[in-house]
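Enquirer: Just to be clear, the model below is a prediction. Sequence and coordinates:
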Amino acid sequence: MLAPSSRSALYSLFPVAAIALWSGNVMVSRLSAHTIDPYAITFWRLVLAVALMSLFVPAGAWRNRAAILPQLPKLAFLGLLAMALFQCLSYEAARTTTATNMAIMTALVPLLTMLLSVVLLGETPTAGMASGGVLSFAGLVWLITAGQPAALLAGGVHEGDLLMLCAGAAYALYGVLLRRWHVGLPSWQSTYFQAIAALLFMLVPMLRLPPAEALPTRASLPLIAYAGSLASVVLPFFWMQGVKHLGPNRCSMYMNLLPVFTAALAVGAFGERLYPHHLVGGGVALAGVLLAQTWRAPLASFFAPRSEANDGAEY
């Protein structure tokens, strides 16, 4: 029988594997930038993901239909955020930014989730959120302006970086609503119906595309295969197992590995160069995320009046 420390180390392989697959998905986004329309790859990856999950989810979902039916509107909105909007924005962003920048923006999702939780869930703001938020913002400004913050005033920020920030905000909102609504369904069933809803949403933009842009090509088929199977089915399985055994807070820490894995792949596969502004800006931004995740002291405690317990002490 494995010792607790050994089991924890073994379970950590689940989120590590999930992040490795997520890094591969960032590469797919970059490869798709000039290969297939963002709407089209989002649609076809959902077609494949739904088809694969249809092999093992429907039987249990039918037995659980009484619990599923009342949750369908919430599942539909969650699917729109995470599987349609987030993916479309990511694919569009890949046209005008680097894989490294995309990964760093995505790694900010835990921080954005915590900040939205304060607003939407009424959670107590912590010192880590405040200081980590400021630190991450400074790192992001340094990153997306290539070490020249004055470029913000001159409009020199890549459109793709802003799109990835919007994508991250959409995914953060997804995480907050998932906690607020407590749909209470098995993970696979929840994912399955979210994917179906996202697929239906994607029908509208797909119908507006010319056939030449809407249909997969020989070059885009491997990208769709990866995104629809490994990134949409295997990755969630690994992540759900990590959350099950390690808890959501510990799992979220592993998202800090996403820029590291992605940068390694980007340098090797695309020949992207790592510049000082990547290391400085990205490092500061991720340090802010880590600070927000670990410094849990309530922010209000730093502004509370000091105790006057010793004011009446006798001498």
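Expert: Received the coordinates, thanks.
Enquirer: buried ones in stretch 209-217?
Expert: 214, 216 (16 or more other Cβ atoms under 10 Å). In short, each C-beta sits where N, CA and C put it, glycine included.
Enquirer: Can you list the neighbours in contact with that stretch?
Expert: 35-37, 39-40, 43-44, 206, 224 (Cβ atoms under 8 Å, 6 or more residues apart in numbering).
Enquirer: now do the same end-to-end measure for that stretch.
Expert: Length of stretch 209-217, first residue to last, Cα to Cα, to the nearest Å: 15 Å.
Enquirer: Quick one, which of the contacts of stretch 209-217 are buried?
Expert: Buried among the contacts of stretch 209-217 (16+ other Cβ under 10 Å): 35-37, 39-40, 43-44, 206, 224.
Enquirer: for these, which one is nearest Val233?
Expert: Ile224 (13.0 Å; Cβ to Cβ).
Enquirer: Next one: the closest one from Met202, what distance?
Expert: 13 Å (Cβ to Cβ, to the nearest Å).
Enquirer: Helix, strand, or coil at Phe56?
Expert: coil (DSSP: H, G, I helix; E, B strand; the rest coil).
Enquirer: so where is the stretch 51-200 of the chain shaky, pLDDT-wise?
Expert: 151-157 (pLDDT under 70).
Enquirer: which one of the buried ones among the contacts of stretch 209-217 sits closest to Lys74?
Expert: The closest of the buried ones among the contacts of stretch 209-217, once distances to Lys74 are taken by Cβ to Cβ, is Phe43, at 22.4 Å.
Enquirer: which non-adjacent residue is nearest the closest one?
Expert: Nearest residue to Phe43, sequence neighbours excluded (Cβ to Cβ, 6 or more residues apart in numbering): Met202, at 4.3 Å.
Enquirer: Enumerate every residue touching the one you found.
Expert: Counted by Cβ under 8 Å, 6+ apart, Met202 has contacts 39, 42-43, 46, 84.
Enquirer: Please report how far it lies from Thr191.
Expert: 16 Å.
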